[in-house]
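Colleague: my questions concern the predicted model and sequence given below.
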Amino acid sequence: MQDDRHEEVRAEIAGVGDHGMCPIRHVSRTRCKGHLRHVKVNAATRVKLAEIGGAIRTARERADLSQASLAEKIGMQRENLIRVEKGRANLTVETLVRIASGLDLDLRVRFLRRK
């Protein structure tokens with residue numbers, strides 16, 4: 001079970017992990033099981049992360065891939081992919097590109113006017 005403290009850590013502007021430690025400082029970054037991002041996000045961002053995670057899960061299921069097989073294919077731990085699909089990971093563009101590539105899909109971003 002993952003430590004709930006990870007949800008409460010705020011990333012510093014200069015980038016997470018410049019000091020070589022997980023921001024929780026419980027272990028070195030290399031032993032931290034590859035957490036995607038240690039940041040606290042607001043409610044609106046959480047909603048978007050959940051939408052993105054749902055879209056990733058749908059695409060993975062359409063590709064008939066298990067979480068384990070996709071994670072292995074893109075070099076990610078299965079636990080992190082689960083967090084992504086549940087909207088509990090603040091993704092980087094690099095991670096999104098890796099996931100899209102593993103699903104043999106193009107990643108496209110659109111900004112739409114609000115209604």
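Modeller: Everything's here; your move.
Colleague: shaky segments in this structure?
Modeller: Along the chain, the parts satisfying pLDDT under 70 run over 1-39.
Colleague: so which helix or strand takes in the residue found closest to R60 once you drop the neighbours it is linked to in the chain?
Modeller: Spatially, and ignoring its direct neighbours in sequence, R60 is nearest to L70 (5.4 Å; C-beta to C-beta, 6 or more residues apart in numbering). (Each C-beta comes from the backbone N, C-alpha and C, glycine too.) In this structure, L70 sits in helix 67-74 according to DSSP states H and E.
Colleague: what's the one helix or strand R60 maps to in contact with?
Modeller: Here R60 sits within helix 43-62, counting by DSSP H and E. Applying C-beta atoms under 8 Å, 6 or more residues apart in numbering, the contact partners of helix 43-62 are 41, 67, 70, 84-91, 96, 99, 103, 105.
Colleague: again, 7 Å this time
Modeller: Contacts with helix 43-62, where a contact means C-beta atoms under 7 Å, 6 or more residues apart in numbering, come from 41, 70, 84-87, 90-91, 99, 103, 105.
Colleague: CA-only coordinates of it, as PDB, when you get a sec.
Modeller: Extracted in PDB, the C-alpha atoms of helix 43-62 (Å, rounded to 0.1, in the frame of the first residue of the first chain):
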ATOM      1  CA  ALA A  43      -9.800  19.900  -7.500                       C
ATOM      2  CA  ALA A  44     -10.100  21.100 -11.100                       C
ATOM      3  CA  THR A  45      -6.800  19.400 -12.000                       C
ATOM      4  CA  ARG A  46      -7.900  16.200 -10.200                       C
ATOM      5  CA  VAL A  47     -11.000  16.100 -12.500                       C
ATOM      6  CA  LYS A  48      -8.800  16.500 -15.600                       C
ATOM      7  CA  LEU A  49      -6.400  13.800 -14.400                       C
ATOM      8  CA  ALA A  50      -9.300  11.500 -13.800                       C
ATOM      9  CA  GLU A  51     -10.500  12.200 -17.400                       C
ATOM     10  CA  ILE A  52      -7.100  11.500 -18.800                       C
ATOM     11  CA  GLY A  53      -6.700   8.300 -16.700                       C
ATOM     12  CA  GLY A  54     -10.100   7.100 -17.900                       C
ATOM     13  CA  ALA A  55      -9.200   7.700 -21.500                       C
ATOM     14  CA  ILE A  56      -5.900   5.800 -21.100                       C
ATOM     15  CA  ARG A  57      -7.800   2.900 -19.500                       C
ATOM     16  CA  THR A  58     -10.300   2.800 -22.300                       C
ATOM     17  CA  ALA A  59      -7.600   2.900 -24.900                       C
ATOM     18  CA  ARG A  60      -5.700   0.100 -23.100                       C
ATOM     19  CA  GLU A  61      -8.800  -2.100 -23.000                       C
ATOM     20  CA  ARG A  62      -9.500  -1.400 -26.700                       C
END
